[in-house]
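Trainee: Next come a sequence and a model predicted from it.
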Amino acid sequence: MTSDSRTGGPNSGTDAPSPVALQPSGDPVEDHLTALDAALHGPPAAKARMLEELRGGLTDAVAERVRDGMPYERAAELAVRECGTADELRPACQHELTIAQIRHTARATAFATPLLVAAWYLLRTTAPSGSWQLPHAAHLLATQLTTFTALAALVTLVAITMTGTLARWIPTPHRLPRTVAWTSTTVTASMALTTFALATTTPLTANWPLTTLATLLTAASHALTAGPARASRHCARLPDQLLHR
């Protein structure tokens, strides 16, 4: 499985039940996959692909035994036993999904970075009208937060490289999941504060159209990163033995 195939789509930042998971059916294979699905956390699309691959392998193993004359129930039980229990498979599978979540969160932050740069440029060309302390302070706060978050976003870009091509030669750093999770959380929180500060400033600025546009850009950045950041925090809180093989 390549690193790119482990990532979900732009809207797969939240952890949700996999579409391939079924309710317990009495079938050892499906019950095994259901238990594993409930134990894993990560981008739903990546988890669905992982479970589908496991299902394919188990189905082939069962079919081979059935062709040899073994009853289906017994063949399924043996295939699941050879595959390993959900607890046995969980560390390796969760490691893969954590890497997928890191890449998804990093990409979401990367997509948001141009919006932050554009917002920063707009803020640098505008200033609150008059001498009211609150609008000036809000505008200054928004400018500083936008600058900070644009720089913080660069940290997550490193994660794309560390979990991509370089992962073939360099092991994934032990703290990378937590670093990406809390960096993206910082970016998301800063964008929320920036949006609020700009909304406060906009009615009292001479260039309110530009300030309004900057507000929309920061709000869009927050929307892009909030879901993936939340999912990354969830993965980062998992026990260390589930994050690293």
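Mentor: Done, it's in. Residues are numbered from 1 along each chain as shown.
Trainee: What's the separation between Ser184 and Thr225?
Mentor: Separation of Ser184 from Thr225 (Cβ to Cβ, to the nearest Å) stands at 6 Å. Using the backbone N, CA and C atoms, a C-beta is placed for each residue, glycine as well.
Trainee: between these two, what contacts are shared?
Mentor: Here Ser184 and Thr225 have Thr105, Ala108, Thr109 as joint contacts, going by Cβ atoms under 8 Å, 6 or more residues apart in numbering.
Trainee: From what I see, the first one and Val180 are in contact.
Mentor: Yes. Judged on Cβ atoms under 8 Å, Thr105 makes contact with Val180 at a distance of 5.6 Å.
Trainee: give me the number of residues near Ala226?
Mentor: 20 (other Cβ atoms under 10 Å).
Trainee: May I ask you to confirm that it is in contact with Val187?
Mentor: No. Counting by Cβ under 8 Å, Ala226 does not reach Val187; the two are 9.6 Å apart.
Trainee: check contacts around Gly56.
Mentor: Gly56 touches nothing, counting by Cβ under 8 Å, 6+ apart.
Trainee: For it, what is the enclosing helix or strand?
Mentor: Here Gly56, judged by DSSP states H and E, is contained in helix 44-67.
Trainee: tell me the mean pLDDT for stretch 70-81?
Mentor: What stretch 70-81 shows for mean pLDDT is 92.
Trainee: so what's Ala112 up against?
Mentor: Counting by Cβ under 8 Å, 6+ apart, Ala112 touches Ala153, Val187, Met191, Ala220, Ser221, Leu224, Thr225.
Trainee: Which strand or helix spans it?
Mentor: In the assignment (DSSP H and E), Ala112 maps to helix 86-124.
Trainee: Please point out which parts of that helix sit buried.
Mentor: Using 16 or more other Cβ atoms under 10 Å as the test for burial, helix 86-124 gives 86, 89-91, 93-110, 112-113, 115-116, 118-120, 122-123.
Trainee: Kindly report the same for stretch 49-57.
Mentor: Arg49, Met50, Leu51, Leu54, Arg55.
Trainee: Now render those residues as TSV, adding pLDDT and distance to Ala79.
Mentor: Formatted as TSV, the buried residues of stretch 49-57 follow (pLDDT from 0 to 100; distance: Cβ to Cβ, whole Å):
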residue	pLDDT	distance to Ala79
Arg49	93	20
Met50	94	17
Leu51	94	15
Leu54	93	11
Arg55	94	11
